[in-house]
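Student: 3D, please:
(chains A, B and C)
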Amino acid sequence: MPELPEVETVAAGLRAGAVGLKIKAAVCRLPKLLRETAPEDLQALSGLRISAVRRRGKVLIIEAEERALLFHLKMTGQFSWAAPEAAPDKHTHFILSFENAAEDLRFRDVRKFGFLRCLPLAGVDDCPEVGGLGPEPLEISEAEFAVRIKARKGRLKSVLLDQRVLAGVGNIYADEAIHAAALHPLTAASRLSPAELVRLRTALRRILKAAIAAGGSSVRDYRSVDGEIGDFQTRHKVYGRAGERCRRCGGTIRRIVVGSRSTFYCPKCQRRKR
DNA sequence: GCCACTGTTAGCAT
DNA sequence: CATGCTAACAGTGG
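Tutor: A predicted model of the protein is given here:
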């Protein structure tokens, strides 16, 4: 489920535990995990020291001197620390061991949608996985937000999910932000008023920050690096609440499908523009 | 057992 | 170009 707040939480956990560690070996147990990455690229990581861990959109970036490891968690990717002698389960696809740490860093991904790309640090911003991303929702100005959203013809929900427009918003936070801004998910993005755009940006940022503070939302598989579940799912106003009462107006939350994604909204307080 | 559904996104058809 | 559907895969719940 990882969206921006979940990846941010994972990045923070990795940063706390992995920066400064010297890589002993990188072992990949699932060839298809590797994207544009040769086995030699992984071998060349040995001896490098992890210097930083950061996030761009939903992409996790581990920097080791002049190299970078890009991970995408897709639906079910997880990181955890484990003793080297503990047998990895069948969903563990990648293991980093260290010269100056007792535990290994493991990446597991039940559905195998995730990927790993190893490349020169200098190439990160121009690679396809990062270069095509829109601005960060927590950094974008009001003016640029308005321009980028209004430039799109599609439905608001789909536009928020488009990583080229904004980086990091996924299904849960799109629905939550649209609800908080009292907009309708099927509204044409290009028809939002200036006031509505301000409302939407403000709501999105508030929700993303609150979700990060809560350690993300654990709807199904998501776990932080230390194995903790997030807490934000208890504060979802619409996501996953079809048939339940809207906490703002008492209406009944409805589930529809937009762009083949489940979409939850309150038909009473999220009126469609016409 | 079978079918529907799942947080992502690349790729392809329309 | 925009939009919509499917596949990639495994597990879960009805």
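Student: what is residue A:50 paired to in the beta sheet?
Tutor: Judged by DSSP bridges, the bridge partners of residue A:50 are residue A:64.
Student: Give me the neighbour count for it.
Tutor: For residue A:50, the count of nearby residues is 23 (other Cβ atoms under 10 Å). Glycine gets a C-beta too; all of them are placed from N, C-alpha and C.
Student: so it makes contact with residue A:63?
Tutor: Yes: using Cβ atoms under 8 Å, residue A:50 is in contact with residue A:63, at 7.0 Å.
Student: longest helix anywhere in chain A?
Tutor: Counting by DSSP state H, the longest helix found in chain A is helix A:194-213.
Student: does any bit of it sit next to DNA strand B?
Tutor: No: if you take Cβ under 7 Å from any atom of the strand as the test, helix A:194-213 misses DNA strand B, and the best it gets is 11.9 Å.
Student: quick one: the residue in the stretch 101-250 of chain A that DNA strand C sits nearest to from residue A:161, how far?
Tutor: Relative to DNA strand C, the nearest point of the stretch 101-250 of chain A is residue A:154 (2.9 Å; Cβ to the nearest atom of the strand). Per Cβ to Cβ, to the nearest Å, residue A:154 is found 10 Å from residue A:161.
Student: Equivalent analysis for residue A:211, please.
Tutor: 16 Å.
Student: ranges for the strands of the stretch 101-250 of chain A?
Tutor: Along the stretch 101-250 of chain A, counting by DSSP state E, counting those that start in this stretch, strands occupy A:104-109, A:115-120.
Student: ok, back up a step: alpha carbons only: can I get whatever helix or strand comes next after the longest helix of chain A in PDB?
Tutor: Per DSSP states H and E, the first helix or strand lying C-terminal to helix A:194-213 is strand A:254-258. Extracted in PDB, the C-alpha atoms of strand A:254-258 (Å, rounded to 0.1, in the frame of the first residue of the first chain):
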ATOM      1  CA  ARG A 254     -20.300   5.400  -1.400                       C
ATOM      2  CA  ARG A 255     -17.800   3.300  -3.300                       C
ATOM      3  CA  ILE A 256     -17.500   3.800  -7.000                       C
ATOM      4  CA  VAL A 257     -14.800   2.800  -9.600                       C
ATOM      5  CA  VAL A 258     -12.800   5.600 -11.200                       C
END
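Student: For stretch A:50-62, buried residues please.
Tutor: Buried residues in stretch A:50-62, counted by 16 or more other Cβ atoms under 10 Å: A:50-51, A:53-62.
Student: With distance to residue A:218 added, can I get the strands of the stretch 101-250 of chain A in TSV?
Tutor: TSV is the format used below for the strands of the stretch 101-250 of chain A (distance: least, Cβ to Cβ, whole Å):
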stretch	distance to residue A:218
strand A:104-109	16
strand A:115-120	22
